[in-house]
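Student: just a sequence and a predicted model for now, questions to come.
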Amino acid sequence: MGEEKEKKKRVLIVEDAAYMREMLQEMLHQEEGSYEVVGFAVNGKEALEKYKELKPDIVTMDLVMEVMDGIQAIREIKRYDPNALIIAITALGMPEYKDAALAAGADEYLWKPFTINNLFEALEKVLRKRGRGSEGNE
Amino acid sequence: MIKIERLNYRFLILLSTVLACAILAFFVGFIREETIVYTHFFYIPILLAGVWYRKKAVYIALLLSSVYILVALLSPQTALSAHIFERSAIFVAVAYVIGFVSEERAKGEEKLKETKEEIKNERDKLNLILESMDDGVCIISRDYEVEFMNRVLIDAFGYHVGDICYKAFHNRDEPCPGCKNPEVVKGKTVRWEWHSRRTNRTYDLFEAPLKNIDGTISKLTIFRDISDRKRMEDNLRDAEERYRVIFEHALTALCVIEHGKFISLANKEFEALSGYSREEIKGKKWIDFATEEDRDRVQNYCEERRKGEAPACCEFKFVSRDGEIKHVNAWIEPIPGTDSCIASLLDMTELKRKEEELRETCKRLAELDKMKSDFLNVAYHELRSPLAPIVGYASMLERYKLPDRGMRYLRAIEQSAKQLEKLINRMLELARIDGKKIELSLEWVRIPEVVSEVVKSLEPEAKEKRQKISMSVPEIEVQADKQKLIAIFTNLVSNAIKYTPEGGKIDINVEDRGEDIRACVADTGIGIPEEHLPKIFERFYMVDTSLTRKSGSLGLGLSIVKEYVKLHGGIVWARSEVGKGSEFFFTIPKRQKAIKKGA
């Protein structure tokens, strides 16, 4: 179990803006050995396919995207895998969106703009939650 | 008494005459022994008795006859002869005749008296009737002499019986030109109306010939006072005229409907509405003014209104002469006591068009408002998104060892990014206020805590301008949305910092007023010109929009303050003097009436 914990967490980045995908990858690779970006998706539909294919530990999910929006994607992924960990990331300001994202199954919500510290806090928070959840399961 | 005295007097005279005659007879016949001449006196008492006592005179005659016979018997000269008996019989006969005649006369007199009495009674009765009549009565002879006036007439004109009518009543020297006397005395009956200037009353006169006992004809006039009736009639006519004018000049189309069908009267406005003249309108079926499709409905409405049912107003389409269709509201009201109704029609066409226009405008405005809200939402998202890499990369840069200069540059980037984020946030707040999407998340908030938090966050800015912030805040708790309260104070204080020159003073003062609190943020800044004061709480309003204005403001701060204060049920206002400073006040109730749990 301990060994497993030290293993890099595999992250799927869902974002329609290339510069955001790049930045998120940069941020995640700042902490050497903790996180590994295993893939990208530019819309919700692709996110679901990539999730099924890659089985990542954590998904960062933009909400405003073409084809399938983030809220829908969260719902689909959670239906496929209820244990999926998803952090919704958006610039939308209305609290309703946060409520909608959380209701769809997002585990954490991050507002743009955010600092690297904000991101890691969010990641650690969901992982702790998972840790508790899986311990309870096992 | 008088009767008895007279009786005694007559009786005494008679007795003395009889005695005198008897004595004379005895004296002459018995003593002087003569007879014949002296019995002639005997006729005097017989005559008197005949006149006075009528047939009773026979007894006197018998008495005197016996005296004569006695004298003849006693007298030595005179022998009792046929001649004597004959004379005695003549005495009795004369007495009887005189008595009879006298009695007949008396009987006639009695009858006359009775008749007179009867006539008097009749007249009294007639007078009573005439006196008790409400009408005036007078009788005027053919020579214009007033023969009779009853009480009513005397009260009105004074007592003029015996006067000449035209003199007494009209102060004229000859008969009035319109006098009906000549006609009436010829046997005509006339009736006419006369207004007396003297009594200022109007009379209905009935004049008829009246035959007198002597065969002449007088004029009987009955005066009926019709002034009150006339006045009532006049009043009625006045009232009618008044209502007619109201009806005619009313600004709604009015018409009177008979038996729920035909129009009997219409006013000017109805003419204007329908395009027909009132002569044409009269007799028309009023239902014909409604469009085909509305007719049944309007007729039903009319019937129900006549029964006092149905709502007072009915809307229908009205067709005018040239086929133009107008939207009218009709009110039908039954006229009490008749089978008529009055209908008032108000042309709503223009009003309806305006209403439609207004509704259209309203809809467009709502659409625009939503568009604006949507735009702001999208703009917010699109502006914040590029901010993400700026903040993100800057935060990553901090992890690297940068030279001092590089570090300073990084701080500058971060500060600007923060400023930009703040401005964008305000835009969102505005969008949310507009969309009425704000709910207060109420909690008990300590005011000193809020104020010191705000002052702490703004102190660096103030320090930069060497301004001094002082505060006087009592320990109060209010039920409010803490974040909103912070936003209110932040906006007011940062405005004060912004518009107060270096070295100025800013004072925050909160007062406990029992039911609510009143907060004041005062500065020693440039102040606000009076003409701008009423508008400063309006959105995007900026006192100075020139290129020389102080930058870094969108003109939203005060409008947000106003909205947030209003959400809490408080009010906001400002006082200012140019060059001396401004004071911003707001109130917040301590307790919110309806506690809503919001996001």
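Tutor: It's in. Residues are numbered from 1 along each chain as shown, chains lettered A, B, ... in the order given.

Student: what residues sit buried inside the helix or strand encompassing B:Val561?
Tutor: Using DSSP states H and E, B:Val561 sits within helix B:557-567. Buried residues in helix B:557-567, counted by 16 or more other C-beta atoms under 10 Å in any protein chain shown: B:557-565, B:567. For every residue, glycine as well, the C-beta is placed using N, CA and C.

Student: what lines up beside the helix or strand just after it in the sheet?
Tutor: Following helix B:557-567 in sequence order, the next helix or strand is strand B:572-577 (DSSP H and E). Take DSSP bridges as the rule and strand B:572-577 pairs in its sheet with strand B:581-589 (antiparallel).

Student: tell me the gap between the strand it pairs with and the middle of its chain.
Tutor: For strand B:581-589, the separation from the chain centroid amounts to 54 Å (computed by C-alpha atoms, centre = their mean, to the nearest Å).

Student: got the angle for it vs helix B:557-567?
Tutor: Per axes from the mean of the first three to the mean of the last three C-alpha atoms, to 10 degrees, the angle that strand B:581-589 makes with helix B:557-567 is 20 degrees.

Student: next to chain A in this structure, residues from the stretch 251-400 of chain B, please.
Tutor: Counting by C-beta under 8 Å from any C-beta of the partner chain, the residues of the stretch 251-400 of chain B lying close to chain A are B:377, B:380-382, B:384-385, B:387-396, B:399.

Student: kindly recompute the last result at 6 Å.
Tutor: Proximity of the stretch 251-400 of chain B to chain A (C-beta under 6 Å from any C-beta of the partner chain) is limited to residues B:380-381, B:384-385, B:387-389, B:391-392, B:395-396.

Student: what is the nearest of the residues you listed to B:Ile536?
Tutor: Nearest to B:Ile536 out of these is B:Tyr380 (C-beta to C-beta; 24.7 Å).

Student: hang on, the earlier thing: include pLDDT and neighbour count when you put the residues of the stretch 251-400 of chain B next to chain A into a markdown table, please.
Tutor: Formatted as a markdown table, those follow (pLDDT from 0 to 100; neighbours: other C-beta atoms under 10 Å in any protein chain shown):
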| residue | pLDDT | neighbour count |
| --- | --- | --- |
| B:Tyr380 | 82 | 23 |
| B:His381 | 84 | 20 |
| B:Arg384 | 86 | 23 |
| B:Ser385 | 87 | 20 |
| B:Leu387 | 90 | 18 |
| B:Ala388 | 90 | 23 |
| B:Pro389 | 91 | 19 |
| B:Val391 | 91 | 23 |
| B:Gly392 | 91 | 24 |
| B:Ser395 | 90 | 21 |
| B:Met396 | 89 | 18 |
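
Student: just give me the closest of those to B:Asp163.
Tutor: B:Tyr380 (113.9 Å).

Student: the closest one and B:Ile488: what is the separation?
Tutor: B:Tyr380 is 21 Å from B:Ile488, where distance means C-beta to C-beta, to the nearest Å.

Student: what of A:Ala122?
Tutor: 31 Å.

Student: name the residue of the stretch 51-200 of chain B that lies nearest to chain A.
Tutor: For the stretch 51-200 of chain B, the residue closest to chain A is B:Asn200, as judged by C-beta to the nearest C-beta, at 90.4 Å.

Student: what about B:Asp507, which SS state?
Tutor: strand (DSSP: H, G, I helix; E, B strand; the rest coil).

Student: do I have it right that it meets B:Met471?
Tutor: No. B:Asp507 is beyond contact range of B:Met471, at 7.2 Å (criterion: C-beta atoms under 6 Å).

Student: leaving out the residues flanking it, which one is nearest to B:Val455?
Tutor: B:Ile469 (5.6 Å; C-beta to C-beta, 6 or more residues apart in numbering or on different chains).

Student: show me the contacts for the one you found.
Tutor: Residues near B:Ile469 by C-beta atoms under 6 Å, 6 or more residues apart in numbering or on different chains: B:455, B:462, B:506.

Student: where does it sit, in terms of helix or strand?
Tutor: Per DSSP H and E: strand B:468-472 holds B:Ile469.

Student: format the contacts of B:Ile469 as JSON lines; extra columns: neighbour count and pLDDT.
Tutor: Output for the contacts of B:Ile469, formatted as JSON lines (neighbours: other C-beta atoms under 10 Å in any protein chain shown; pLDDT from 0 to 100):
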{"residue": "B:Val455", "neighbour count": "19", "pLDDT": "91"}
{"residue": "B:Ala462", "neighbour count": "19", "pLDDT": "88"}
{"residue": "B:Ile506", "neighbour count": "25", "pLDDT": "93"}
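
Student: A:Ala122 and B:Ile488: which has the busier surroundings?
Tutor: B:Ile488 (29 against 20; other C-beta atoms under 10 Å in any protein chain shown).

Student: distance of that one relative to B:Asp523?
Tutor: Distance, B:Ile488 to B:Asp523, using C-beta to C-beta: 16 Å.

Student: point out where chain A drops to low pLDDT.
Tutor: A:1-6, A:132-138 (pLDDT under 70).

Student: now do the strands in it.
Tutor: A:9-14, A:35-41, A:58-62, A:85-90, A:108-111 (DSSP state E).

Student: and the ones you listed as a markdown table, adding mean neighbour count and distance to B:Gln299?
Tutor: Shown next, in a markdown table, are the strands of chain A (neighbours: other C-beta atoms under 10 Å in any protein chain shown; distance: least, C-beta to C-beta, whole Å):
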| stretch | mean neighbour count | distance to B:Gln299 |
| --- | --- | --- |
| strand A:9-14 | 23 | 71 |
| strand A:35-41 | 19 | 72 |
| strand A:58-62 | 26 | 68 |
| strand A:85-90 | 25 | 65 |
| strand A:108-111 | 18 | 68 |
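
Student: so which of those gets nearest B:Arg353?
Tutor: Across those, closest to B:Arg353 is strand A:85-90 (C-beta to C-beta), at 47.6 Å.

Student: so for B:Phe169, what's the nearest residue that isn't a sequence neighbour?
Tutor: B:Phe157 (6.3 Å).

Student: could you do B:Glu429 as well?
Tutor: Leaving out its chain neighbours, B:Glu429 is closest to B:Ile560 (C-beta to C-beta, 6+ apart), at 5.7 Å.

Student: sweet, I'm off.
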